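>>> structure of the sequence below:
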Amino acid sequence: MLLRDIAHSRAGDKGDISNISVIAYDLKDYALLEKHLTPERVKAHFAGVVQGEVVRYTLPHLGALNFVMQHALGGGVTRSLALDAHGKSLSGGMLRMEISNWS
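Next comes the predicted model:
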């Protein structure tokens, strides 16, 4: 199963920082997101893209997690040579995380 099967996302960017929120479709799935969607796993998922720290903020009443990823946009949207380095592209990539093998 992919993360997108149980959640959607919103994203933003400022300079070289990407901000991605992952929101459970159903509040009952929030505990699963909180348990398994760690900053370390997110950074590993974006290996080669996110060069800095990943910080996670929890929003349990909204069923959401927010990830702030430093040095994630190749120097910044206006400086990057990447075709589409905006946070919106990274949020789509986040939702492609495989979750079927989580214990």
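>>> give me the phi and psi for I20.
Dihedral pair for I20: phi -120, psi 130, per degrees, to the nearest 10.
>>> wait, isn't it in contact with L95?
No. Judged on C-beta atoms under 8 Å, I20 makes no contact with L95 at a distance of 9.4 Å. Every residue, glycine included, has its C-beta placed from N, CA and C.
>>> for the two, list the residues in contact with both.
The contact sets of I20 and L95 overlap at S9 (C-beta atoms under 8 Å, 6 or more residues apart in numbering).
>>> which one's more surrounded, the two?
More crowded of I20 and L95, by other C-beta atoms under 10 Å: I20, with 26 against 17.
>>> look up how far P60 lies from the closest residue to L3 other than its chain neighbours.
With C-beta to C-beta, 6 or more residues apart in numbering as the criterion, L3 has its nearest non-adjacent residue at 4.4 Å, and that residue is M97. Computed as C-beta to C-beta, to the nearest Å, the M97 to P60 distance reads 20 Å.
>>> between these two, which has more neighbouring residues?
M97 (20 against 11).
>>> that one touches D5, doesn't it?
No. Applying C-beta under 8 Å as the test, M97 and D5 come out as separate, 10.6 Å apart.
>>> and the pLDDT for T78?
You'll see T78 listed with a pLDDT of 57.
>>> swap in the one 3 residues further on?
pLDDT recorded at L81 is 51.
>>> count of residues packed around the residue nearest to D5 when sequence neighbours are not counted?
Leaving aside its sequence neighbours, D5 sits nearest to I99 (C-beta to C-beta, 6+ apart; 7.9 Å). Residues near I99, counting by other C-beta under 10 Å, number 17.
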